[in-house]
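Undergrad: here is my input, please return the structure:
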Amino acid sequence: MKQLRIGVLVGTFVVAGVLAWAGSRLWDAFGTLPPVPVAAPVVLALIAAILVATALSLRSRLKAQRERESRARGVDPMMAARAVVFGQASALAAALVAGVYGGVGVFLLTEALGRGTRTEQAVYAGFAVLAGAAVVAAALWLERVCKLPEDDEPEPPDDAGE
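TA: So this is what the prediction gives:
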C-alpha cells in the first residue's frame, strides 16, 4: 500500500480552494450564496476523533504485541489495512472539503464582510478548515502507527547467484 503524500493533500486543498473561491464569486454575482452549515466543522471533528481513537487503540495493541505481553490481543493485518485505507480516504476527502470551505471563507472575508450574517458564515468556514486539518493530521498519524517496521537486513542483489 502506498503512503499518502502531503503534496497531494496540499494540492487538493489549494485547487479546491481556488475553485470554490471562483465559484462563490460567480454564485454571489447571480444570486445569494448558500450558507455554510454549522454541522460541517462538527462532522469533520468527529471524523478526526474517530481516527485518533483508532490510532490510539491500534498503537497500544501493536506495542503489546511487539513486547510479547501474555494478555496482548493481536492485530489482524486486514483490520490494520482497512484502518489505513479509511484514514487515507478521510484525509483526501477532508483536504477537498477543507479547500472548499477555505475558498468560500476567503470569499466571505474579502468580498462580503460588511454583511452581518456573512461574518458568522466565515467563522464556520474557518472552523471547518481547522477541523479538516485535524482529520488530515489524525489520518497521517494513523498511517504512521500502522506502518510496518523496516527490515534491518539489506536485500541481496538479484545477480548474486550468477
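Undergrad: and the helix or strand Val100 falls within, what does it pack onto?
TA: In the assignment (DSSP states H and E), Val100 maps to helix 77-111. The contact analysis (3 or more CB pairs under 8 Å, 6 or more residues apart in numbering; DSSP states H and E) places helix 77-111 against helix 6-30, helix 39-66, helix 116-145. In short, each C-beta sits where N, CA and C put it, glycine included.
Undergrad: most tightly packed of those?
TA: helix 116-145 (a mean of 20; mean count of other CB atoms under 10 Å).
Undergrad: let me see the mean pLDDT of that helix.
TA: The predicted model assigns helix 116-145 a mean pLDDT of 90.
Undergrad: next: stretch 45-59.
TA: Computed over stretch 45-59, the mean pLDDT rounds to 93.
Undergrad: just the residues contacting it, thanks.
TA: For stretch 45-59, contacts defined as CB atoms under 8 Å, 6 or more residues apart in numbering pick out 75, 80, 83, 86-87, 90, 94, 131, 134-135, 137-139, 141-142, 145-146.
Undergrad: can you check stretch 118-138 too?
TA: Contacts for stretch 118-138 (CB under 8 Å, 6+ apart): 9, 13, 35-38, 40-42, 44-45, 47-49, 51-52, 55, 87, 90-91, 94-95, 97-99, 101-102, 104-105, 108-109, 112-113.
Undergrad: sorry, back to before: could I get the buried residue list for the helix holding Val100?
TA: Neighbour-count burial for helix 77-111, counted by 16 or more other CB atoms under 10 Å, picks out 80, 83-84, 86-88, 90-109, 111.
Undergrad: and the angle from that helix to helix 116-145?
TA: Computed with axes from the mean of the first three to the mean of the last three CA atoms, to 10 degrees, the direction of helix 77-111 lies at 150 degrees from that of helix 116-145.
Undergrad: now helix 77-111: how far from the chain's centre is it?
TA: The chain centroid and the centroid of helix 77-111 are separated by 4 Å, computed with CA atoms, centre = their mean, to the nearest Å.
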